[in-house]
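Asker: test case, fold it:
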Amino acid sequence: MKTRFIYVLLLGGFIMTSVPAQAEIKTVYRETSPTEFTALAEVMDIKVTSVKRRDGRPSLNLDYGDYNATVVFYNCAVADQCGSMSFSSAFSLSKPPTEQIINDWNDDGIFSRAHLSKSGRPVLTHEYSLRGGFTSESLAYTVLRFKKLMESFVKHLQQ
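Answerer: The predicted structure follows:
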């Protein structure tokens, strides 16, 4: 197998690594639309419905089965091509968590943040910027990662 050598200047030194000449090239996107996102989520067997927001931002509800989440699109240009999105999910519990439980999540967690809503419900959020570039696979991974974050968050709240 042929290889190409890539030299990277890092802190004044060189690091040499080889990359297969036949490496698969993926399309890198910098924006997506709610319609394109819906198509991806539905292929993943996630039910998607459009949500009307007062501020007019494109928004979708994701039904993962056991959990629901909302995705709000930001930095949208022509034809609803958007440069970032925010995942969020609010949870109803018989006993609201304390601020300390929420803070413990934020101290230990990565990829998400939690807070208490005005009504005392725990809310989990995850921001995802698309402008740096993403592939369909990385976006699908993010959608599934948020489900795993919701599962972990619920376990954390029940401790």
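
Asker: which residue is nearest the centroid of the protein?
Answerer: The residue lying closest to the centre of the chain (C-alpha atoms, centre = their mean) is residue 142, at 4.3 Å.

Asker: what is the neighbour count of residue 67?
Answerer: Using other C-beta atoms under 10 Å, residue 67 is surrounded by 17 other residues. Yep, even glycine has a C-beta here, placed from its N, CA and C like the rest.

Asker: show me what the helix or strand hosting residue 126 packs onto, helices and strands only.
Answerer: Element membership for residue 126 (DSSP states H and E) is strand 122-129. Packing partners of strand 122-129 (3 or more C-beta pairs under 8 Å, 6 or more residues apart in numbering; DSSP states H and E): strand 82-90, strand 113-116, helix 136-157.

Asker: pick the most deeply packed of the ones you listed.
Answerer: Stretch with highest mean neighbour count among the helices and strands packed on strand 122-129: strand 82-90 (a mean of 19; mean count of other C-beta atoms under 10 Å).

Asker: between it and helix 136-157, how many degrees?
Answerer: Angle, strand 82-90 to helix 136-157, by axes from the mean of the first three to the mean of the last three C-alpha atoms, to 10 degrees: 20 degrees.

Asker: contacts made by strand 82-90 with the rest, please.
Answerer: Strand 82-90 is contacted from outside by 30-34, 37, 58, 67-77, 117, 121-131, 142, 146, 150, using C-beta atoms under 8 Å, 6 or more residues apart in numbering.

Asker: okay, buried residues for stretch 101-120 please.
Answerer: 101-102, 105, 109, 112, 114, 116 (16 or more other C-beta atoms under 10 Å).

Asker: could you dump those to JSON lines with distance to residue 48?
Answerer: As requested, the buried residues of stretch 101-120 are exported to JSON lines (distance: C-beta to C-beta, whole Å):
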{"residue": "101", "distance to residue 48": "31"}
{"residue": "102", "distance to residue 48": "28"}
{"residue": "105", "distance to residue 48": "27"}
{"residue": "109", "distance to residue 48": "26"}
{"residue": "112", "distance to residue 48": "21"}
{"residue": "114", "distance to residue 48": "24"}
{"residue": "116", "distance to residue 48": "27"}
